[in-house]
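Participant: Pasted the sequence and its predicted model underneath.
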Amino acid sequence: MAGTAPRPDAPPAEWWERLGARLIEALVFGVFYYILFIGLWGFFRTVGMADVFGGRLPGVLAWAVAGLAYAGYDWLAHSRHGRTFGKAIMRIRLAPQGLQARALLKRALIYPAPLMLMGIPVVNLLAGMSLFGVGLLVLIDKPLERGPHDRAAGTRVVKDLR
């Protein structure tokens, strides 16, 4: 029953299911980041700009593009399907379905958008702490296990019991 909605009484997804989904996606976007970084590094080296910003420009740009792509993908996948490919593999999804794209954009800007800042020295520390904080808040919010990104969008991640 591919077109049916999840049950309204579906239990919240476990923390390890959510983490597994994000790790699956991080693997794919990590590969994208490294391909992008190598391409940008080669380009900047070819045009003689390899030492701009202490040689950090390719890394900063690669993180910015990969982070923006991940946030955009997160927003688009949740808007269209209610889940990302990592969530589909882990058999979890967002509830309720049919949310406004604006609410889901707010969710994506809180997490995973801070990944765009990971290439900037010092700021990457704050971005990393922000991402860690989101994960920690998911763990301590009982019984729904919602992070700030879920609260801002009015969502929760549930088991897909279809």
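Facilitator: The structure has been received and is ready for your questions.

Participant: alpha carbons only for contacts and neighbour counts from here, please
Facilitator: OK.

Participant: Scan the chain for its longest helix.
Facilitator: helix 15-46 (DSSP state H).

Participant: That one: which residues count as buried?
Facilitator: For helix 15-46, the neighbour count (16 or more other CA atoms under 10 Å) marks 15, 17-18, 20-22, 24-25, 29-30, 32-33, 36-37, 40-41, 44 as buried.

Participant: For the residue lying closest to residue 32 once chain neighbours are set aside, give its distance to residue 117.
Facilitator: In space, and not counting its chain neighbours, residue 32 is closest to residue 66: 6.9 Å by CA to CA, 6 or more residues apart in numbering. Note on residue 66: its distance to residue 117, by CA to CA, to the nearest Å, is 10 Å.

Participant: tell me the phi and psi of the residue nearest the centre of the chain?
Facilitator: The centroid of the chain falls nearest to residue 112 when counting by CA atoms, centre = their mean (3.4 Å). The phi and psi values for residue 112, taken as degrees, to the nearest 10, are phi -110, psi 10.

Participant: Report the contact partners of it.
Facilitator: 67, 70, 71, 74, 131 (CA atoms under 8 Å, 6 or more residues apart in numbering).

Participant: change it to 10 Å
Facilitator: Going by CA atoms under 10 Å, 6 or more residues apart in numbering, residue 112 touches 22, 67-75, 130-131, 134, 149.

Participant: again, but for residue 144
Facilitator: 11, 12, 13, 14, 138, 155, 156, 157, 158 are the contacts of residue 144 under CA under 10 Å, 6+ apart.
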